[in-house]
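Engineer: Structure, please.
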Amino acid sequence: MRAGTAVGTLLMALVLALPANAGGMGGIQQYFNDTAGKVKATDKPVEKRAILNDSFDAMAKALETAQGSASLSHNDVAGIERIRAMLQDKRDELDGVNGYVRVPDEALNAFSEYVVQDMEQADEVVTISLVALLLIIILIVLLL
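Structural biologist: Here you go, the predicted structure:
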């Protein structure tokens, strides 16, 4: 019952907050903003990397699940795919694979902020519907 109350509360907050973000990716940006706060709150680089990797994992799983939904338009599916590709690039950069240099331990706080800023800029290029955004946010909450 506790999880149901939490999800209900979150949904109400989103319904009240989303008119300001309609058509944007405000919920995704907020998720990574929260992640950046957690990264900055810890001193150990290993924990910072774990927080970022867990965040990327949860978002990737939510996006994959949402992308498989039959209720989404082709534009939403394409937008989700672009977000997934952007996140994979960030993960590759964090880990130093696929042609990227690994983010140094001392730069993890800045990297977490960079991810937030990149999501804010992506809002101008990648568009997904409000329904798709809500679906992604609900899936993130359920996966955490």
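Engineer: okay, CA-based contacts and neighbour counts for the rest of this
Structural biologist: Fine.
Engineer: what number of residues lie near Ile83?
Structural biologist: Ile83: 22 surrounding residues under other CA atoms under 10 Å.
Engineer: Equivalent analysis for His74, please.
Structural biologist: 11.
Engineer: Please renumber the chain so that the first residue is 16 from this point on.
Structural biologist: Fine by me, first position is 16 from now on; the one you just mentioned is His89.
Engineer: who's in contact with it?
Structural biologist: Listed by CA atoms under 8 Å, 6 or more residues apart in numbering, His89 has no contact partners.
Engineer: any idea of the pLDDT on it?
Structural biologist: Looking at His89, its pLDDT reads 82.
Engineer: Would you mind measuring from it to Asp120?
Structural biologist: 39 Å (CA to CA, to the nearest Å).
Engineer: now do Ser84
Structural biologist: Distance of Ser84 to Asp120, given as CA to CA: 38 Å.
Engineer: what's the answer for Arg97, then?
Structural biologist: For Arg97, the distance to Asp120 (CA to CA) stands at 28 Å.
Engineer: any chance you could map the strands in this protein?
Structural biologist: Counting by DSSP state E, the chain has no strands to list.
Engineer: Poorly predicted segments of it, please.
Structural biologist: Applying pLDDT under 70 to the chain flags residues 16-41, 137-150, 152, 154-159.
Engineer: Which residues lie in contact with Val130 in this structure?
Structural biologist: Counted by CA under 8 Å, 6+ apart, Val130 has contacts Phe47, Lys105.
Engineer: one more time with 6 Å
Structural biologist: If you count contacts by CA atoms under 6 Å, 6 or more residues apart in numbering, Val130 has none.
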